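> Sharing a model that was predicted from the sequence below.
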Protein chains: 2
Amino acid sequence: MAVLVTGGLGYIGSHTVVELLNDGFEVVIVDDLSNSERFILKNIEEITGKKPFFYPFDLRRRELLTQVFDAHKIEGCLNFAASKAVGESQLKPVDYYENNLFTLINVLQEFKERGISNFIFSSSCTVYGQAETMPIDENTPLKLPESVYGKTKQMGEEILTDFAKAYNRRISLLRYFNPIGAHPSGKLGELPIGVPNNLIPYVTQTAAGIREKLNIWGDDYDTEDGTAVRDYIYVVDLAKAHVSALKKLMQSNEETVIDIFNLGTGKGSSVLEVVKAFETANDVKVPYQICERREGDITVAYANADKAEKELHWKSETTLEESLRTVWKWQMYLDAQTV
Amino acid sequence: MAVLVTGGLGYIGSHTVVELLNDGFEVVIVDDLSNSERFILKNIEEITGKKPFFYPFDLRRRELLTQVFDAHKIEGCLNFAASKAVGESQLKPVDYYENNLFTLINVLQEFKERGISNFIFSSSCTVYGQAETMPIDENTPLKLPESVYGKTKQMGEEILTDFAKAYNRRISLLRYFNPIGAHPSGKLGELPIGVPNNLIPYVTQTAAGIREKLNIWGDDYDTEDGTAVRDYIYVVDLAKAHVSALKKLMQSNEETVIDIFNLGTGKGSSVLEVVKAFETANDVKVPYQICERREGDITVAYANADKAEKELHWKSETTLEESLRTVWKWQMYLDAQTV
C-alpha cells in the first residue's frame, strides 16, 4: 500500500514518514525542498533502514504529479506541503494562497479522477481563533482566522469537506496545536531557515548562542505568569497520530468519512514555563527579554484531545522536558554538520 | 488605457465589455469559450464598432497569461471568469475551487509582480446568506455560504482584500444581486447552455416552447404571494456600474482602496411577479407549476444600493418589464440563429 506524503521532508512530514515506514507503509514523498534539505531524506533512511520513493518537484506542476500517480498505486495521502509562517503570510498573501490551495487542489483532482480515498489534511488550532472557553474541543465554534496562513487552513478544510461529500470519500482534518521537539535520534527536526517564527527554535538558537536573547512577546496577558499559554505537542507523538488517523480511514466500512481531530496534550504551558523546562532539561541558560505583545497573538489555547484518544486510540505520551531534550540534541547535530 | 476582462464573452462580461468600449477603454478579453460562443465577440464589435483584443485560452495557463501582460499595458482588470452554477458546484466542488481560485490567483500574481492596481471582482449577494433584515446593505454580516459556488466567491473576496492590504492596491468587490435581461440590440444575453439554473432563462425558454412548464420552487415562503423574493438587476445597468467602479479606483488618490458595493435595484420581486411582468411585457403566456422548495434557497433578498448611488453615482434605471422585453428579443435572436 503506497501513500503519498506531500511535503514529506518538512518538519512534521519527515517525522510522519518515519512512523509510516516503521509501520510497513510504502511511502512516496513529493517535496520541492523549498523548506527542507536533501540530507533529511538520507536521515529518514538511516533511522528506518527503508527507502521511501522521493520526487523533488513543486506540486503546482500538475503534469509531474500525474506521473507520480501513474507510477504508484497510491491509496491515501498525507498533505504536509504548505507555506506555514504566519507573519510572512501577511506580507505575501498571493503566494500563500497559491502555494497552499493549488497544491491541495491538484492532489484532489488526481484523487477525484482515480477514485482514491483516505486524505489526511494538516490543519491547525488557528481555525478556532481565541476560543471563549478552554479546553478547545472539536465542537468549539470556528472563527475566520486573522492571518492569511490561518485562512488557507480554513479554506483547505472547506474544500476537503466538500470533496468528501460530493465524491463519497474519506478525509481527516487534523488540527494541530503547537508541535515541538525533534526525533530522538537527533537526526530530524525543525530546520532553522531564516529567523524562527516559533518559540522553540528561537529558544534553542538563543541557548546555542546564535541569537543574543529570546524575545518574549508580552508578559501582561491574563495568565498565571502573564505570558501566553499554548499546548505544545511532541512531534513524534503527533506523527503517530497521523498513522492512526490514516488507518482509521483505511479500515472504515463507510464510504464517506469526515473526521476532525484536535491533536494536543490537553495541557497549557506558558512561555516562561517552556523556557524553564528547556533550561532544566538541558542544563543551559536561555537569556530573554520581555517585549510588547505581537499583534494577532491570542492569550491562551489548549486542546481537549479526548476525541482523538477515544477514536484514534492515541494520546500524547511525551513530557515537555523530554521533548525539549530532543530539541537540544537536534541543535547539537546541526552544529556538528556546520563545523 | 488597456483593461483586462477575464470571461469577457460571458453573460455579464460581454455587456461590460460593450460599456467599456463605448467609454473609450481599450479592452483585452481572455475567455476560454467554455461557457460562451465566438459570435458574441462578433456581436460586441457590431454593437460598438470597435474591436477588443481577444485571447481564447484557459486562465489556468499562467504562461499564456504572462504573454498577454507582456503584450499590453494592462492598467486594471474586471474578473468575470468563473464557474457559476450553484447546483453544479455542489456536484463538482474540486473543479469549482480550481476554476474560480486558480484563475483569480494567476491574474493577481501578474498584478503583484508588475505593480498593477485596479481590480474589480464579481462577487455575489450569496455572501450574505439569508440576512436577518432587509434590505441588505454592505454592513450586513456575512455568513459562510452553503454552496461551493458561494464559498469560492467569499474566498475570492478574502484573497483580494489580503492582496490589497499587503501590496497597497485598489480593489472593488461588487456583490451582484440577480442579474437579468439582455442587450437592447438583442445581440447579447445569457446563453442557454444546458438546463438553465436561473429563473429568467427558464421563463424565456418556457415562453418559447422549449420547456413545457416553468417550475416554481415553493409557494409556501413567508412572502406576499408565497414565492421567493429576489432583487433583479438589469444587466446593462450592472455593466455600467462596473465602469463606474473601475473609474473610481483609477481616479482615486489613495494607494490602497478596498471598495465593496451591493449592486441591485433596492426592490424585491417575487417569482410570480416576474412571471406576470414577463407575460405583460411580451404578451406571451408562461405556463408554470408549483414544485417543492429547493434545498438551500433562501426566502428573500434585496439590496440597499444607496452606497453605490452615493459613491459610484450609479443606480439601476431600467424597470423589470423593460428588462424582460430585452430577454424576449434575445430569445427571438437565438431562434433566428438556429433556423
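Yep, that arrived.
> in chain A, which spans are strands?
A:2-6, A:26-30, A:53-55, A:74-79, A:119-124, A:170-176, A:178-180, A:214-217, A:229-230, A:232-234, A:257-263, A:269-270, A:288-291 (DSSP state E).
> Mind listing what's buried along the last one?
Which is strand A:288-291. The neighbour-count check on strand A:288-291 (16 or more other CB atoms under 10 Å in any protein chain shown) flags A:Y288 as buried. Yep, even glycine has a C-beta here, placed from its N, CA and C like the rest.
> tell me what it is packed against?
strand A:214-217 (3 or more CB pairs under 8 Å, 6 or more residues apart in numbering or on different chains; DSSP states H and E).
> Given the strand it packs on, what are its sheet partners and their directions?
If you go by DSSP bridges, strand A:214-217 pairs up with strand A:288-291 (parallel).
> coming back round to it: next, format the strands of chain A as CSV and append distance to B:K310 and mean pLDDT.
Listed next are the strands of chain A as CSV, based on distance: least, CB to CB, whole Å; pLDDT from 0 to 100:
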stretch, distance to B:K310, mean pLDDT
strand A:2-6, 49, 98
strand A:26-30, 52, 98
strand A:53-55, 56, 98
strand A:74-79, 46, 98
strand A:119-124, 41, 97
strand A:170-176, 43, 98
strand A:178-180, 47, 96
strand A:214-217, 42, 94
strand A:229-230, 46, 96
strand A:232-234, 52, 98
strand A:257-263, 44, 98
strand A:269-270, 50, 97
strand A:288-291, 44, 96
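> Make a markdown table out of these and add distance to B:I29.
Below are the strands of chain A laid out as a markdown table (distance: least, CB to CB, whole Å):
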| stretch | distance to B:I29 |
| --- | --- |
| strand A:2-6 | 36 |
| strand A:26-30 | 36 |
| strand A:53-55 | 38 |
| strand A:74-79 | 36 |
| strand A:119-124 | 37 |
| strand A:170-176 | 38 |
| strand A:178-180 | 47 |
| strand A:214-217 | 49 |
| strand A:229-230 | 51 |
| strand A:232-234 | 51 |
| strand A:257-263 | 40 |
| strand A:269-270 | 57 |
| strand A:288-291 | 52 |
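> Nearest to A:A245, out of these?
Among these, the nearest to A:A245 by CB to CB is strand A:170-176 (4.5 Å).
> Residue numbers of the stretch 101-250 of chain A in contact with chain B?
Taking CB under 8 Å from any CB of the partner chain as the contact definition, the stretch 101-250 of chain A meets chain B at A:101-102, A:105, A:108-109, A:112, A:148, A:151, A:155, A:158-159, A:162-163, A:165-167.
> And the furthest pair within those residues?
The farthest-apart pair in those, when distances are taken by CB to CB, is A:V148 and A:Y167, at 28.0 Å.
> more crowded one of the two?
A:V148 (27 against 19; other CB atoms under 10 Å in any protein chain shown).
> What is the neighbour count of A:P52?
23.
> Give the full set of residues in contact with it.
By CB atoms under 8 Å, 6 or more residues apart in numbering or on different chains, the contact set of A:P52 is A:V5, A:G8, A:V17, A:L21, A:E26, A:V27, A:V28, A:I29, A:L41, A:I44, A:E45.
> quick one: the residue nearest to the last one when sequence neighbours are not counted and chain B, what's the gap?
Spelled out, it's A:E45. Nearest non-adjacent residue to A:E45, counting by CB to CB, 6 or more residues apart in numbering or on different chains: A:K51, 5.6 Å away. Separation of A:K51 from chain B (CB to the nearest CB, to the nearest Å) stands at 32 Å.
> Now do the phi/psi pair for A:K51.
phi -110, psi 110 (degrees, to the nearest 10).
> how about A:D335, what does it touch?
Contacts of A:D335 by CB under 8 Å, 6+ apart are A:A208.
> Report the separation between it and A:K329.
11 Å (CB to CB, to the nearest Å).
> Kindly report the same for A:Y11.
Distance from A:Y11 to A:K329, by CB to CB: 15 Å.
> out of those two, which sits in the more crowded spot?
A:Y11 (25 against 18).
> mind listing what that one touches?
Counting by CB under 8 Å, 6+ apart, A:Y11 has contacts A:P179, A:G189, A:E190, A:L191, A:V235.
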